[in-house]
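Colleague: turn this into a structure:
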Amino acid sequence: MKRFDRRTFVQGAGLLSVLACLPASALAQIISRTPPISPFGADSTAEQVTEGLDLSGKTYAITGANSGLGFETMRVLAMRGGHVIGIARTMEKAEEACASVSGKTTPAFLDLEDLQSVVNCAATIRALGVPLDGLVCNAGIMALPERELVHGVEKQFAVNHLGHFVLINQLKETVEAAPQGRFVILSSMAHRRAPDEGIKFEDLAFEQDYSAWTAYGHSKLANALCSLELARRLSGTSTTSNSVHPGVINTNLGRHMPWYVQWGGQLFGWAFMKTTEEGAATQTYVATNPGLVGVNGVYFVDCNPDPGDTPHMQDEAMARRLWQVSEELTRDYLPAAAAGVSAPA
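Modeller: Numbers count the residues shown, from 1 in each chain. Have a look, this model is predicted:
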């Protein structure tokens, strides 16, 4: 385990205190700076990366908060004093998860497959009347064995990307209202499994050559590119967007994998997988670390910046086109100010 550098942490905390006193216009001048190298790594936990932080007065929303990485992220943020809106697919699951952690939590629900439920969830969050210091887009599905369609596109793309795309747009102003709001979007090293051409703009339904892992990688590439384009649109503001790879963790995300793969993970996963506590570290770090004020449009692995495994991860033109296509596919569920309106090149 990497040694925790308290001096670096204290310096970062002091920086945050100073920056918190600055107006948004001043903060905007330091946006998009080079991300620092952190003292944390693959074996750091969410508790360790937030040690010493006081998140009192801050509010975060997390999708998929009822289990796995989402639950651990909610638990730690609430433990550090943050108010966490724990979002799950049903209100029952959200309420049960929120009741299971200490601290201030508010349950909410949406089904990323049902875009109207995403709109309704966002309206519920806006009705709380508080800015969001962070929106952690954590929920997802993985490796569906058979091709399924939702809204005319492949299901993993629809759930992992389009559902969160609508949520991001619905809550964009709420995050921007925070002194330094952050979008944290879960991607994955599985982006390298995406098709050679990157996003399949001509075949989002995967009618040709469907593969469970290729389609999953396609959706994770979309998550990273969504964050990249969002970061461009936030340029010049105090709000940031970054994507993360949490690591390989044995959670219920793998429930669609063959039984023997699940069995192998349970039996031998200790040798190569992260624990849930370790898996939640990077998204928790990116959502809260004082040293990341102004860091925008970066992909993080093990709490540190990473270029990604393919050139597509930094393809700004592809990211811009994905955003425009996503607007077209979800126009009926976007705020009037966002529907069909693309930021200038």
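
Colleague: list the buried residues for stretch 175-184?
Modeller: For stretch 175-184, the neighbour count (16 or more other CB atoms under 10 Å) marks V175, E176, A177, A178, P179, Q180, G181, R182, F183, V184 as buried. For every residue, glycine as well, the C-beta is placed using N, CA and C.

Colleague: what are the contacting residues of that stretch?
Modeller: 19-20, 24, 27, 58-59, 131-137, 168, 174, 227, 230, 234, 237-244, 283, 286-287, 292-293 (CB atoms under 8 Å, 6 or more residues apart in numbering).

Colleague: which of those residues fall in strands?
Modeller: Using DSSP state E, the members of these that fall within strands are T59, G134, L135, V136, C137, T240, S241, N242, S243, V244.

Colleague: closest to K104 out of the residues you listed?
Modeller: The shortest separation between K104 and any of the ones in strands among the contacts of stretch 175-184 is 8.9 Å, and it belongs to T59 (by CB to CB).

Colleague: apart from its neighbours in sequence, what residue is nearest the closest one?
Modeller: Nearest non-adjacent residue to T59, counting by CB to CB, 6 or more residues apart in numbering: H83, 4.5 Å away.

Colleague: quick one: contacts of stretch 189-197?
Modeller: Stretch 189-197 has contacts (CB under 8 Å, 6+ apart) with 213-214, 216-218, 220-221, 224, 245, 301, 308-310, 312-313.

Colleague: could you dump the buried residues of stretch 175-184 to TSV with distance to V159?
Modeller: Formatted as TSV, the entries for those read as follows, by distance: CB to CB, whole Å:
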residue	distance to V159
V175	21
E176	25
A177	27
A178	27
P179	32
Q180	29
G181	24
R182	23
F183	18
V184	18
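
Colleague: what comes up buried for the helix ranked longest in the chain?
Modeller: Scanning the chain for the longest helix, with DSSP state H as the assignment, gives helix 212-234. By neighbour count, and taking 16+ other CB under 10 Å as the criterion, the buried residues in helix 212-234 are 212, 214-234.

Colleague: what of stretch 78-96?
Modeller: By neighbour count, and taking 16+ other CB under 10 Å as the criterion, the buried residues in stretch 78-96 are 78-80, 82-89, 93-95.

Colleague: among the residues you listed, which one sits closest to A143?
Modeller: R89 (18.4 Å).

Colleague: residues contacting the closest one?
Modeller: Contacts of R89 (CB under 8 Å, 6+ apart): N66, F109, L110, D111, A139.

Colleague: could you list the low-pLDDT ranges of the stretch 201-345 of the chain?
Modeller: Under the criterion pLDDT under 70, the flagged ranges of the stretch 201-345 of the chain are 250-272, 337-345.

Colleague: give me the element A78 is part of.
Modeller: Assignment of secondary structure by DSSP states H and E places A78 within helix 68-79.

Colleague: what's the following helix or strand after that helix?
Modeller: From helix 68-79 onward toward the C-terminus, using DSSP H and E, the following helix or strand is strand 83-88.

Colleague: what's that next one in contact with?
Modeller: By CB under 8 Å, 6+ apart, the list of residues contacting strand 83-88 reads 58-66, 70-71, 74, 77-78, 94, 97-98, 101, 103-110, 121, 125, 128, 130, 132, 139.

Colleague: pairing partners for it, with directions?
Modeller: As defined by DSSP bridges, the strand partners of strand 83-88 come to strand 59-63 (parallel), strand 105-109 (parallel).

Colleague: any idea how far it is from the middle of the chain?
Modeller: Computed by CA atoms, centre = their mean, to the nearest Å, the separation of strand 83-88 from the middle of its chain amounts to 14 Å.

Colleague: and the helices in the protein?
Modeller: 6-20, 24-28, 46-49, 68-79, 91-99, 115-126, 155-156, 164-176, 212-234, 259-268, 276-279, 281-288, 316-330.
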